[in-house]
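Colleague: How does the following fold in three dimensions:
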Amino acid sequence: MRRRLTMPALMTLESVTPLNFIGNQLMVFMSPFVTAFMKPDDYKEFQNLLEHRESIPVIIKAIDAAEEAWVNRHTSHSAEPSSSDDKE
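Modeller: Purely as a prediction, here's the structure:
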């Protein structure tokens, strides 16, 4: 959220939704190579998540909710009146 890459992430997820099972199979094939660079448990969890077609919309909803919470948290701080507004 901090890097403001929510929209590119959502666009990517939306575009690969029809291919999520093929992506899962590619991840199975690539797992010996990729797990050398990342935690095998995290990789396996993501791989299992892609195995189910309904998982992508769940991820999209979670990203949207996290983005909305982040925006609300940061806009509420900037909406507070500053001490310079009290001086006249």
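
Colleague: Helix or strand: which one has the residue nearest the centre of the chain?
Modeller: Taking C-alpha atoms, centre = their mean, the centroid of the chain lies closest to I63, which sits 4.8 Å from it. Assessed by DSSP states H and E, I63 sits inside helix 55-78.

Colleague: now that helix: how far from the chain's centre is it?
Modeller: Taking C-alpha atoms, centre = their mean, to the nearest Å, one finds the center of helix 55-78 at 10 Å from the center of the full chain.

Colleague: Enumerate every residue touching A9.
Modeller: Contact analysis of A9 by C-beta atoms under 8 Å, 6 or more residues apart in numbering lists I63. Placement of C-beta: from N, CA and C, glycine included.

Colleague: Next, the buried residues of whichever strand or helix holds it.
Modeller: Using DSSP H and E, A9 falls within helix 6-16. Neighbour counts over helix 6-16 (16 or more other C-beta atoms under 10 Å) mark T6 as buried.

Colleague: Mind giving me the packing neighbours of the next helix or strand after it?
Modeller: Per DSSP H and E, helix 6-16 leads on to helix 20-34 as the next helix or strand towards the C-terminus. Applying 3 or more C-beta pairs under 8 Å, 6 or more residues apart in numbering; DSSP states H and E, we find helix 20-34 packed against helix 40-50.

Colleague: same for the helix it packs on, what does it pack against?
Modeller: helix 20-34, helix 55-78.
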